[in-house]
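Chemist: dropping a prediction and its sequence here:
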Amino acid sequence: MRKVWLFIVAIFLLVSLYVGVSFYVAGRTTSPFRKFTKTSPAVVSNMNEEVSFKASDGVPIRGWFFKGAGNDVVIRVSGITQDRTDGGYLGLLIAKDLLAQGYSVLVYDNRAHGESGGDHVHFGQDEGNDVLGAVAFLKGKGYKPAQIGIMADSMGSNATLMVIEKLNDVGPIILDSAAARVEPVFAEIVTKENGIPSIFLPGVEFVNKVFYGVDVKKINPIEKLALVPERKFLFLHASGDKTIAAENSKMLLKKSNKASRLVIFNSPDHIATYRTDPGLYNKEVFEFLKEGFLEN
């Protein structure tokens with residue numbers, strides 16, 4: 001009888017451990033990143049404006065708008081853990097380069113990041129609504145859809161692709177370090193970057209889905225490409241990216257319009273394209289933007 005009770009207690013402790021770890025990891029991976037930037041927008045340009053708008057599902061979004069000399073505008077969509085400055089991507093330097101070419105620039109905090117609303121990070125599942133809100137905001141400022149371009153990186157690229165069929169009327173779209181499917185990337189982050197045994201993955205994914213509304217199995221940007229066969233993209237990726245392997249962009253390219261391009265940068269780091277070779281980055285980006293805005 002004592003052995004039976006010991007067995008029951010052991011099972012109870014193991015189940016409690018599994019549930020506890022699953023909830024802890026799920027909460028940690030979806031928790032908001034409330035990093036409030038201390039950077040002044042004036043470091044980019046004195047022609048700046050603090051802005052706020054609603055995502056297409058009503059979440060309040062805050063950011064900066066920089067007015068350029070030309071008629072076209074680019075939305076910069078950052079990745080997970082980043083605020084509107086997108087520091088890991090050197091986003092403000094890229095914004096300055098865009099302004100130097102005459103483009104206006106909109107940067108913002110993704111939902112559950114910085115000063116924007118939202119309670120949880122959704123790995124691109126719902127952040128596409130922020131992108132749609134940004135487009136609607138710029139249309140409200142008088143920009144025609146064809147005058148609006150999008151440059152996104154990492155989770156921002158996933159978010160953009162998840163709503164790509166709703167962006168048919170906008171101008172050029174550039175996607176850096178995008179994931180073809182998010183679940184394998186999520187698994188890598190949980191197990192390798194956070195050191196959690198893979199046996200906990202089903203539990204973490206279950207908690208995320210049931211309690212936080214995040215179903216990583218359904219965040220598959222590659223499946224969205226069939227909805228926009230006429231849309232061409234510029235894909236960028238670092239060759240040795242260990243967070244989202246470059247193979248992801250290669251798979252996305254194969255499913256995209258034949259006029260799409262992929263540029264690989266020689267770096268082992270995630271979102272390291274601009275940092276690795278700003279000359280090549282700007283050459284490819286500005287050629288694509290110019291072509292895209294002219295075509296539209």
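Modeler: Perfect, thanks for sending it. Numbering: from 1, shown residues only.
Chemist: quick one: pLDDT of the nearest residue to R275 once chain neighbours are set aside?
Modeler: In this structure, R275 finds its nearest non-sequential neighbour in L90, 5.9 Å apart by CB to CB, 6 or more residues apart in numbering. C-beta coordinates here come from the backbone N, C-alpha and C atoms, glycine included. Residue-level confidence at L90 comes out at 96, pLDDT.
Chemist: and L90, how close does it get to V21?
Modeler: From L90 across to V21, the span is 36 Å (CB to CB, to the nearest Å).
Chemist: near G117, how many other residues are there?
Modeler: By the criterion of other CB atoms under 10 Å, G117 has 18 neighbours.
Chemist: just I271 next, same as before
Modeler: Other residues near I271 come to 27 when the count uses other CB under 10 Å.
Chemist: do E127 as well
Modeler: Close neighbours of E127, defined as other CB under 10 Å, add up to 29.
Chemist: check contacts around it.
Modeler: Listed by CB atoms under 8 Å, 6 or more residues apart in numbering, the contact set of E127 reads 110-111, 155-156, 158-159, 162.
Chemist: also M47?
Modeler: M47 makes contact with 66-68, according to CB under 8 Å, 6+ apart.
Chemist: how close does the closest residue to I148 other than its chain neighbours sit to P184?
Modeler: By the measure of CB to CB, 6+ apart, the closest residue to I148 outside its immediate chain neighbours is V170, 4.8 Å from it. Distance, V170 to P184, using CB to CB: 29 Å.
Chemist: can you check P60 too?
Modeler: As defined by CB to CB, P60 lies at a distance of 32 Å from P184.
Chemist: other SSEs contacting the one helix or strand N208 maps to?
Modeler: Following DSSP states H and E, the helix or strand that holds N208 is helix 201-212. For helix 201-212, the contact count by 3 or more CB pairs under 8 Å, 6 or more residues apart in numbering; DSSP states H and E identifies helix 2-30, helix 182-188 as packing neighbours.
Chemist: to V207, which of the ones you listed lies closest?
Modeler: With respect to V207, and counting by CB to CB, the nearest of these is helix 2-30 at 3.8 Å.
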